[in-house]
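Student: Structure for this input, please:
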Amino acid sequence: MKLTADIIGIMSEHQQISEKVELVTKNIIDYKKESDLAALEKLKDLCIKENMTIEMAKMYRNIGMYHFYTNNFDNATISMELAIDLLRRESGTKLLAEYYSELGLIYFYNHEYLYSRRYYEEAEELLTQESDIDKHIVYLHYFRYGMLLNSMQEYSHSKLKLEKALLFAADEKDTALIIMNFGILSKKQKDMKTALRYYSKALWLVGDKDMKIKGIVYNNIAEVYKILGQYEKALSYMDRAFKCITDDNLSRLFVFFNTYTEIKILKGEREAVLDKFLQLLGRVKEFHLYRALIIEGISNMIVIGSEDESILERLETAIIKLIEENAFGHDEFVRELKACLENIRLFLKDSKMI
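Tutor: Residues are numbered from 1 along each chain as shown. Just a heads-up that it's a prediction; the model follows:
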């Protein structure tokens with residue numbers, strides 16, 4: 001059962017508080033609703049009141065990961081740094097290694113690669129000092145570090161980190177993720193044949209055990225066929241990727257949509273891109289989770305439709321509807337939508353003047 005602010009209000013004993021903090025920590029990925037933040041803050045405040053330093057650090061970390069999962073990287077960074085500061089005072093080496101790695105992950109997703117690397121290096125130094133850190137934490141660290149080095153185009157170093165992660169893989173799903181990333185490394189180095197071989201092996205390993213991973217592999221295969229100019233084959237793999245997405249993981253759908261868009265644009269099918277984007281928007285319920293992705297998608301659609309009045313007018317209608325649906329309690333989102341609307345109307349005005 002997920003913790004709520006009402007339940008927290010009746011807790012007093014340290015043991016009970018500590019158990020609830022552990023429960024939240026293990027299930028933090030489930031805390032994504034706006035109302036969940038109030039519960040997390042209330043539990044954190046209770047830890048502060050009871051002077052429970054380690055639990056305070058864990059709750060700052062949990063709040064940081066809440067912000068990370070809801071794509072608010074600035075707030076995520078602030079909370080994680082507060083957690084780390086508390087642990088430094090308590091000499092909590094095991095947790096510190098884990099939190100350094102998670103802060104590195106946040107910086108990675110915010111495209112701040114030098115900061116990300118700094119914290120991964122800090123984490124790795126601590127990992128070498130501790131022999132009984134959970135294997136999954138070690139796996140995640142080396143996997144994340146490998147992804148960062150890939151993005152920094154340090155391909156040989158990336159492969160070394162991924163190979164190290166492979167030593168700590170707990171199951172075929174973990175292994176499939178590593179094998180898939182070997183494929184990404186090959187694609188980055190323009191060895192498409194080897195990339196496809198790795199992707200096929202990853203698909204075989206994951207089977208139907210994890211549809212999220214399976215969808216990511218299909219998307220990567222589509223990327224290769226897009227590069228090879230085999231657009232119909234690429235789109236067939238995109239169809240498979242889209243079918244792997246559930247409504248609780250729509251952020252991945254936005255990523256897949258970017259690949260789909262690139263393929264369709266190369267085929268000259270701009271209107272089809274808008275159709276797919278509007279379908280995507282129709283699946284979104286928790287707008288606060290996907291705000292940045294929605295605004296990015298709309299901005300891309302404005303560029304795509306900048307010379308096509310029908311696309312811009314359909315997009316204008318969709319944005320007006322979004323503004324009406326989010327008028328209460330989503331001021332920043334509405335401001336961003338109105339800015340997009342203004343851009344569309346400028347393009348439409350210019351097109352009518354020609």
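Student: Could you list the domains of the chain?
Tutor: Segmentation of the chain into domains, based on automatic domain parsing, reads 1-91, 172-268, 282-354.
Student: looking at the ones you listed, which is closest to residue 161?
Tutor: For the domains of the chain, proximity to residue 161 was assessed by C-beta to C-beta; domain 172-268 is nearest, at 9.7 Å. The C-beta positions use only the backbone N, C-alpha and C, and glycine is treated the same way.
Student: how about the domains of the chain in TSV, adding mean neighbour count and distance to residue 123?
Tutor: Formatted as TSV, the domains of the chain follow (neighbours: other C-beta atoms under 10 Å; distance: least, C-beta to C-beta, whole Å):
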stretch	mean neighbour count	distance to residue 123
domain 1-91	17	11
domain 172-268	18	18
domain 282-354	15	26
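Student: in this protein, which helix or strand is least confident?
Tutor: When the helices and strands of the chain are scored by mean pLDDT, DSSP states H and E, helix 5-8 comes last with a mean of 57.
Student: coming back round to it: quick one: closest of the domains of the chain to residue 136.
Tutor: Closest among the domains of the chain, using C-beta to C-beta: domain 172-268, at 8.3 Å.
Student: I'd guessed residue 266 sits against residue 226; true?
Tutor: Yes. Residue 266 lies in contact with residue 226 (C-beta atoms under 8 Å); the separation is 7.0 Å.
Student: all helices for the stretch 51-200 of the chain, in order.
Tutor: For the stretch 51-200 of the chain, helices defined by DSSP state H, counting those that start in this stretch occupy the ranges 53-69, 73-90, 93-109, 113-127, 135-151, 155-166, 172-188, 192-206.
Student: Pull out the buried residues from the fifth one.
Tutor: Read it as helix 135-151. In terms of neighbour count (16 or more other C-beta atoms under 10 Å), helix 135-151 has its buried residues at 137-150.
Student: got a list of contacts for that helix?
Tutor: The contact list for helix 135-151 (C-beta atoms under 8 Å, 6 or more residues apart in numbering) reads 97-98, 101, 104-105, 108, 113, 116-117, 120, 123-124, 127, 155, 157-162, 164-165, 168-170, 174, 177-178, 181, 184-185, 188.
Student: one step back: got the CA coordinates for the very next helix or strand once past the least confident helix or strand of the chain in PDB?
Tutor: Using DSSP states H and E, the helix or strand that follows helix 5-8 in sequence is helix 14-26. The C-alpha trace of helix 14-26 is given here as PDB (Å, rounded to 0.1, in the frame of the first residue of the first chain):
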ATOM      1  CA  HIS A  14      11.100   5.800  15.600                       C
ATOM      2  CA  GLN A  15      10.900   2.100  14.500                       C
ATOM      3  CA  GLN A  16       7.600   2.800  12.800                       C
ATOM      4  CA  ILE A  17       8.900   5.900  11.000                       C
ATOM      5  CA  SER A  18      12.100   4.000   9.900                       C
ATOM      6  CA  GLU A  19      10.000   1.200   8.500                       C
ATOM      7  CA  LYS A  20       7.800   3.600   6.500                       C
ATOM      8  CA  VAL A  21      10.900   5.400   5.100                       C
ATOM      9  CA  GLU A  22      12.200   2.000   3.900                       C
ATOM     10  CA  LEU A  23       8.900   1.200   2.300                       C
ATOM     11  CA  VAL A  24       8.900   4.500   0.400                       C
ATOM     12  CA  THR A  25      12.500   4.000  -0.600                       C
ATOM     13  CA  LYS A  26      11.900   0.600  -2.100                       C
END
